[in-house]
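Chemist: The following comprises the amino acid sequence and a computationally predicted model.
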Amino acid sequence: MLKNSSKIKVAIVGAGTIGLYLAWKLSQAGHKVIVFEKNSKILAKPCSGLISERLKNYLSLDNSLIEARIKSCLIHFPKKTTTLNLKPIHYLINSQKLNEKLARLAESSGAEILFNHLVDEIPQGFDKVIGSDGALSKIRKKLGLPQPSFRLGLQIFIPQQPAAEELEQVEVWPIQNGFFWRIPRTNGTEYGLIDSPETALSNFKKLLFHYRSYDLGKLGKVLEERKTALIPSSLVLPKNKNITLSGDAAGLTKPWSGGGVIWGLRAAEILIKNFPDFEKYHQEIKKFFGPKILKGKFSTHLTYFLGNHFPYVLPSKISRDNDFPIF
């Protein structure tokens, strides 16, 4: 990356996790970075916050960010449950506090964050523009790029205190286009679902009634307070020397889980390494993530098919790298 001797003026659209990380690192390198954020303050999108401990490779983590350490995941198929040992272990991260920390790091390195700035056009007067403005990216749209395919994530919190032994394990129930999950938290229990947008809410209601133990009379109120987020699931990058996309704006999420933080940060490091050469960044991103996306989709479909139809071929315990598995 070019250093202070060739200072570059950079616009980053979106003050989410990946946009703020890029703002921090590019400012550290001596570039003039301005972040445009449509909201009036730093916020975090609805997210379970289940992130592998690789997060420590990108920034220091204090205990206020970590709610729990998750060692395994129970995958419940109709006739078999498989235990997935997470390698590395995962943290339940407070996403709001994570973004606030990244914002402080970015500002302390010289980046400027402009709140209440809804960007409808590609910012002018900048050498480089990075669209990090989420699943419905305006920058992607202005570049005339196709939308990635989407799934919908739904999330609710129930004040149902989990047992102490449950705090190191999450549970998932695979469905046709995603999965239903249960995550024990220190202040209650989180239930969520990732599915096709057309069927997500109806399936979520069915699975909540089927798999949870809670006063059904209170469920209607809880569902009204549900959080939702679109989850892109296909890589989209421009053919442009001066404008690029990152994170959800680029459709960069894991096919099997919908998680995007570690992949987004890994992609951000590739961008930083190649900065200001966006063409080389695009080439390296496609080379690194393209096979992982294709293999991940195939592996997920195959696992679901075997689990639902031939469960006896699946082992009872699996150890797997949930960020960058070897297929």
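Modeler: Structure received.

Chemist: Am I right that Trp181 is in contact with Pro174?
Modeler: No: under the criterion of C-beta atoms under 8 Å, Trp181 is not in contact with Pro174, lying 10.1 Å apart. C-beta: built from backbone N, CA, C; applies to glycine.

Chemist: quick one: which of those two has more around it?
Modeler: Set side by side, Trp181 and Pro174 give different neighbour counts by other C-beta atoms under 10 Å, the larger being at Trp181 (22 against 19).

Chemist: which residues touch the more buried one?
Modeler: Trp181 is in contact with 48, 170-173, 190-193, counting by C-beta atoms under 8 Å, 6 or more residues apart in numbering.

Chemist: and if we set it to 10 Å?
Modeler: Shown here is Trp181, whose contacts under the criterion C-beta atoms under 10 Å, 6 or more residues apart in numbering are 48, 50, 73, 153, 155, 170-173, 190-194, 207, 211, 257.

Chemist: Mind checking which of those are buried?
Modeler: Neighbour-count burial within those applies to 48, 50, 73, 153, 155, 170-173, 190-194, 207, 257; the criterion is 16 or more other C-beta atoms under 10 Å.

Chemist: Report the two of those separated the most.
Modeler: Greatest spacing in these, by C-beta to C-beta: Leu50 and Leu207 (18.3 Å).

Chemist: Need the residue closest to the centroid of this structure.
Modeler: Nearest to the centroid of the C-alpha atoms of the chain, with distances taken as C-alpha atoms, centre = their mean, sits Gly260, at 2.7 Å.

Chemist: Lowest-scoring secondary structure element of this protein by mean pLDDT?
Modeler: With mean pLDDT, DSSP states H and E as the measure, the helix or strand of the chain carrying the lowest mean pLDDT is helix 216-224 (a mean of 71).

Chemist: How far away from the center of its chain is the lengthiest helix in the chain?
Modeler: Longest among the helix segments of the chain by residue count, using DSSP state H, is helix 278-309. For helix 278-309, the distance between its averaged C-alpha position and the chain's averaged C-alpha position is 15 Å (C-alpha atoms, centre = their mean, to the nearest Å).
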